[in-house]
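Visitor: Predicted model and sequence below, questions to follow.
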Amino acid sequence: MKKILYTILASFLAFSCSDEKHNTPKQDNPLFSTSRAVTLNKLDGRINLEEIGIYNPTKVIKKDSLFIVLDQEGLNKISIYNEKGKVLGSYLPVGMGADRGLYILTMNLDTKGMLTAYDYGNDRLVEFDMNQFGQPGFGPKFIDMPKDKKHLCVSKYGSTIISTGVFTDGRYALMDDGKEEFFLDFPKIPTYRSVSDTLMSALFASNIIKIKPDGTKFVCANMLSGIIDFCSLIPCNITRITELNLYSPKATLKSRRNPVAYSAGNLYGFRDVEVSDDYIFALYSGRSYQQYKDLMIYGERIVVFDWEGNHVRTYLLRDPFTSISYNKEENAIYGLTNNPNSVLIKHTLD
């Protein structure tokens, strides 16, 4: 259980044994409907990572002939391998301080070759310029985040940084040239109407944020509910295109020390998100801890939206994934599973 809590976001979320009755999400909800659902049967590649010495990774991005591997529990958080499994570089050894890494939930490789990952244990964004890989001096660069607020999810485009966390001034923080401003309200849920912004920020703290390749929009998907937010990025401002509350979290809000206790029957939401110029690919679980225990984090489908928030299609997965990555050159989704073995599966999209 401890492993799951740290994977989700560290120290202030928990599951309760209660199983309050809530309304079942409607079947026309794109997370549950079979409308526009297709099974991803076209298997274009299956790489047994354990055969080349990669065990239990958190996320794998394939770039040309390289595997970029995030290992949340490894001695080094990010490593780069060639296709034969030879380690070409290992970075961010476990710990606090210079050149080290502590808690990294996910990573992103943009179309310009910039790899980013947020270390919320050390309160800083980590960047690698993959265009310089193999050259002298290649390694991580760090951007410290303001320490007066607890940032938990961070995404970057150019000099613009968007984040969510335990904020009281708004749903999103926007930082450019060192100046941080806050925008938009937290999701409106009648059950939590009288709850303070501090507790609301804790309730909606675990997110995945991805920015559109051209930097004009972003998506924020909540990991512990069916809430996904589509927003526009304009200079020094964030506006909301649409927010889909496909279902709300099942949780009890308590004290500051342990503010959020999720019901064991709460449905895990969006495990990972990838984006392209036209679409958002949201890996969705829909599993509960009560039924699946540690396997609740596996996503059984990829729900596709356009950048206006319209449901386009749903890909049903034969192999549930823990994370996904999108390869633009191949127009393919790479999905990772660690059950029972660590395998990377490629599906070329139509």
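Guide: Cool, got the structure. Numbering: from 1, shown residues only.

Visitor: For the residue sitting nearest the centre point of the chain, pull up the helix or strand it's in.
Guide: Centrality entry for the chain: nearest residue to the mean C-alpha point is residue 208, 3.4 Å, by CA atoms, centre = their mean. Take DSSP states H and E as the rule and residue 208 turns out to sit in strand 207-211.

Visitor: quick one, what contacts the residue nearest to the centre of the chain?
Guide: Contact partners of residue 208, counting by CB atoms under 8 Å, 6 or more residues apart in numbering, are 105, 106, 153, 220, 221, 223, 270, 272, 273. To be clear about C-beta, it is placed using only N, CA and C from the backbone, and glycine gets the same treatment.

Visitor: what lines up beside the strand holding residue 208 in the sheet?
Guide: Note on strand 207-211: by DSSP bridges, its sheet partners are strand 217-222 (antiparallel).

Visitor: mind listing what's buried in the next helix or strand after the partner strand?
Guide: Scanning forward in sequence from strand 217-222 by DSSP H and E, the next helix or strand is strand 227-234. The neighbour-count criterion (16 or more other CB atoms under 10 Å) identifies 227, 228, 229, 230, 231, 233 as the buried residues of strand 227-234.

Visitor: what does strand 227-234 contact?
Guide: Under the contact criterion CB under 8 Å, 6+ apart, strand 227-234 has outside partners 157, 160, 162, 171-172, 184, 187, 204, 211, 215-222, 238-246, 248-249, 269-270, 280, 282, 305, 307-309.

Visitor: Which residues are in contact with residue 279?
Guide: In this structure, residue 279 makes contact with 304, 305, 306, 307, 312, judged by CB under 8 Å, 6+ apart.

Visitor: before we move on, what about residue 331?
Guide: Contacts for residue 331 were tallied using CB under 8 Å, 6+ apart; they are 348, 349.

Visitor: quick one: it from residue 314, how far?
Guide: According to CB to CB, to the nearest Å, residue 331 stands 18 Å off from residue 314.

Visitor: same check, this time on residue 117
Guide: Taking CB to CB as the criterion, residue 117 is separated from residue 314 by 28 Å.

Visitor: try residue 179
Guide: In this structure, residue 179 lies at 40 Å from residue 314, with CB to CB as the measure.

Visitor: and what of residue 51?
Guide: Counting by CB to CB, the separation of residue 51 from residue 314 is 32 Å.

Visitor: Past the longest strand seen in the chain, which element shows up next along the chain?
Guide: If each strand of the chain is counted by residues according to DSSP state E, the longest one is strand 311-321. Moving toward the C-terminus from strand 311-321, the next helix or strand (DSSP H and E) is strand 323-327.
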